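J.: can't give you the sequence, but here's the structure:
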């Protein structure tokens, strides 16, 4: 099942996020995921795993397990490379051993001090305890450099990530190549209905990162409340003979958002992919609307960066 982007390319609605994956696990993880049917992989320079992913992709393609054109590979421009978009993209392509990316995203709507192409240490704090923001580079300048990647044939689609309604609206206003995707945190406890509807109304596909919440990953940086423990999701899981995670993912798919859950366990990989053979009723979709807590689980920008970029 795929979503057709505003430029005509198709993106599988289910993907695998690779953030926080151990590098020694990634090769086998990617190969196993391809074997059971995954074709959409969400990568980023910041994850520091592109080289390992590239090795897995080469092996999968050369062995005949999958064709390159069957894959949808995403990567992202890190904050410190806003002034070096072309070089950053080429660096990711080199590590991934690809000639083009299916999707390249601006990871966050801000530029930080440049520390070398592909070097993501700009996420570290300055002496004052805050990120060293580069105020000389506008998001518009960054976006036009992203557009140049499309013209050069290095990427098929470009998009944004972690943009709110206002930064998304501005991107639409100054763009020549419209953003195809906005990748945001959204799950039953953080539904963000206004942002989702705004993007979809203007032809921007929404991809849900952290589609299951992130409370069980790192409580310090990802909060402590998990939507998967919600009584309603557990009740619906029993009703449909599914897991709470499958209910949450199916809810996301029925909102017409792509979902990229992260897991390194083969059983979970299979379970997450097995959400296309049942459908939530409208009544149950409406019930899930009632449990929105406006609860952002990804607290990294506040706790680790010394500033809340969403404030």
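T.: Alright, I've got the coordinates. These numbers were taken from a predicted model, which means no experiment stands behind them.

J.: Poorly predicted segments of the stretch 101-250 of the chain, please.
T.: Applying pLDDT under 70 to the stretch 101-250 of the chain picks out residues 121-125, 214-224.

J.: what ranges do the strands span in it?
T.: 101-106, 155-161, 181-185, 205-209 (DSSP state E, counting those that start in this stretch).

J.: can I get those strands in a markdown table with distance to residue 7 and mean neighbour count?
T.: Every residue, glycine included, has its C-beta placed from N, CA and C. Formatted as a markdown table, these follow (distance: least, CB to CB, whole Å; neighbours: other CB atoms under 10 Å):
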| stretch | distance to residue 7 | mean neighbour count |
| --- | --- | --- |
| strand 101-106 | 10 | 26 |
| strand 155-161 | 6 | 25 |
| strand 181-185 | 11 | 24 |
| strand 205-209 | 11 | 25 |
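
J.: what's the closest of those to residue 146?
T.: strand 155-161 (4.6 Å; CB to CB).

J.: contacts for that closest one?
T.: Applying CB atoms under 8 Å, 6 or more residues apart in numbering, the set of residues contacting strand 155-161 from outside is 5, 7, 9, 11, 76, 89, 100-109, 146-147, 149-150, 167-168, 171, 177, 179-184, 204-205, 209.

J.: just stretch 45-52 next, same as before
T.: Defining contact as CB under 8 Å, 6+ apart, one finds that stretch 45-52 is touched by 18-21, 23, 26-27, 43-44, 75-78, 81, 88, 91-92, 95-96, 107, 118, 120, 123.

J.: just stretch 204-211 next, same as before
T.: Stretch 204-211 is contacted by residues 3, 5-6, 11, 15, 17, 19, 42, 159, 161, 168, 172, 178-187, 195-196, 199-200, 222, 248-249, 252, 255-261, 297-298 when judged by CB under 8 Å, 6+ apart.

J.: do stretch 120-137 as well
T.: So stretch 120-137 is contacted by 45-46, 48, 78-80, 82-83, 110-115, 304-307 (CB under 8 Å, 6+ apart).
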